[in-house]
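Asks: Just the structure for this:
(2 chains)
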Amino acid sequence: KNEVEQSPQNLTAQEGEFITINCSYSVGISALHWLQQHPGGGIVSLFMLSSGKKKHGRLIATINIQEKHSSLHITASHPRDSAVYICAVPTTQGAQKLVFGQGTRLTINP
Amino acid sequence: GAGVSQTPSNKVTEKGKYVELRCDPISGHTALYWYRQSLGQGPEFLIYFQGTGAADDSGLPNDRFFAVRPEGSVSTLKIQRTERGDSAVYLCASSPGGANSGNTIYFGEGSWLTVV
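Replies: Reported below is the predicted structural model:
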């Protein structure tokens, strides 16, 4: 089993601020997923990464495999970024199912 | 459609009734997952299909829950004798391969089940 811890659980910021959400996991993995969930339940996959850094628009995800830690950053945050951000990892090496963090509820105020 | 489609989007049922939730994955995706998400929690794994077979059903909470994928595409999650504690969002996801194979996972919008 892989435990996944996210921090903070809730984050409120002003439009334009730089946002960082952290994810730590307990067991070695080959890939980590960052997901975004809007009110109403729909989940969108943002990143799947196994090393280093990935960037998509204003979103940046980094991972340190040795430290079992990943971060999701949002630059120039906007109210439309308000959502729950969830990281997820496979349960063990080679496992085909994901275990999810509890999510970070992000609110960006205009 | 191009994405993962789930029906119904909302279902209210009485305690003790039988419920079926349907998932139509992205065409060609061999891996299909069911997850359950309670209010304020992250999704929890229920079952994983690779093709037609349930490769891992270790997350099904008890024998009232069952899922099938008879032709390797559409899947149905079946819940018998529903209980109020079954109320949750049931999420379906699909991917070209397994979650640990470096594939992006695509989620549906979920089926909101309320048992009254």
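Asks: So which residues on chain A come close to chain B?
Replies: For chain A, the residues in contact with chain B (C-beta under 8 Å from any C-beta of the partner chain) are A:4, A:29-31, A:33, A:35, A:40-45, A:48, A:50, A:86, A:88, A:90-91, A:93-103. Quick note: C-beta positions are derived from backbone N, CA and C, even for glycine.
Asks: Give the ChimeraX command for selecting the buried subset of those residues.
Replies: Only the buried entries of the residues of chain A next to chain B go into this ChimeraX selection, using 16 or more other C-beta atoms under 10 Å in any protein chain shown:
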select /A:4,29,30,31,33,35,41,42,43,45,48,86,88,90,91,95,96,97,98,99,100,101,102,103
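Asks: Show me the shaky parts of chain B.
Replies: Residue ranges of chain B with pLDDT under 70: B:1, B:98-102.
Asks: make it 50
Replies: Applying pLDDT under 50 to chain B flags no residue at all.
Asks: try chain A
Replies: For chain A (pLDDT under 50), the answer is none.
Asks: Please enumerate the strands of it.
Replies: In chain A, the strands defined using DSSP state E lie at A:4-7, A:10-14, A:19-25, A:32-37, A:43-49, A:52-56, A:59-64, A:69-74, A:83-90, A:98-100, A:104-109.
Asks: got a markdown table for these, with distance to B:Lys78 too?
Replies: Converted to a markdown table, the strands of chain A look like this (distance: least, C-beta to C-beta, whole Å):
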| stretch | distance to B:Lys78 |
| --- | --- |
| strand A:4-7 | 29 |
| strand A:10-14 | 36 |
| strand A:19-25 | 32 |
| strand A:32-37 | 25 |
| strand A:43-49 | 23 |
| strand A:52-56 | 37 |
| strand A:59-64 | 37 |
| strand A:69-74 | 36 |
| strand A:83-90 | 25 |
| strand A:98-100 | 23 |
| strand A:104-109 | 32 |
